[in-house]
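*Asks:* Return a 3D structure for these sequence lines:
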Amino acid sequence: MKLNDKKIKYIIREKNKRRSSTEITKEMKISTIYVNYIYKKYKENGEYIINNKRKSK
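*Replies:* Sure, this is the predicted structure:
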C-alpha cells in the first residue's frame, strides 16, 4: 500500500495518542517496521516528508 500525506499524518497522530504500532499496521495493512520508521523520522525532524522524486532518464 502506497501511503499519501493523509495516511502518514494519521499514523503520526495515532502514535502520539500512544496507540500501538501493531494495531495501526493491522488497520493500514503495512509493516510494523515502516510505521516505526515514519514515527522515528517525525520525532527527529518534527515532520515527515515524502520523497516522491524519481531519477530522470
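
*Asks:* And the residue nearest the centre of the chain?
*Replies:* residue 38 (3.8 Å; C-alpha atoms, centre = their mean).

*Asks:* if I look at it, how far off is residue 12?
*Replies:* Counting by C-beta to C-beta, to the nearest Å, the gap from residue 38 to residue 12 is 7 Å. All C-beta spots, glycine's among them, are computed from the backbone N, C-alpha and C.

*Asks:* what do those two both touch?
*Replies:* residue 48 (C-beta atoms under 8 Å, 6 or more residues apart in numbering).

*Asks:* residues in contact with stretch 7-15?
*Replies:* 3, 21, 23-24, 28, 35, 38-39, 42, 48, 50.

*Asks:* quick revisit: pretty sure the residue nearest to the centre of the chain sits against residue 49.
*Replies:* No - in this structure residue 38 lies outside contact range of residue 49 using C-beta atoms under 8 Å: 10.7 Å.
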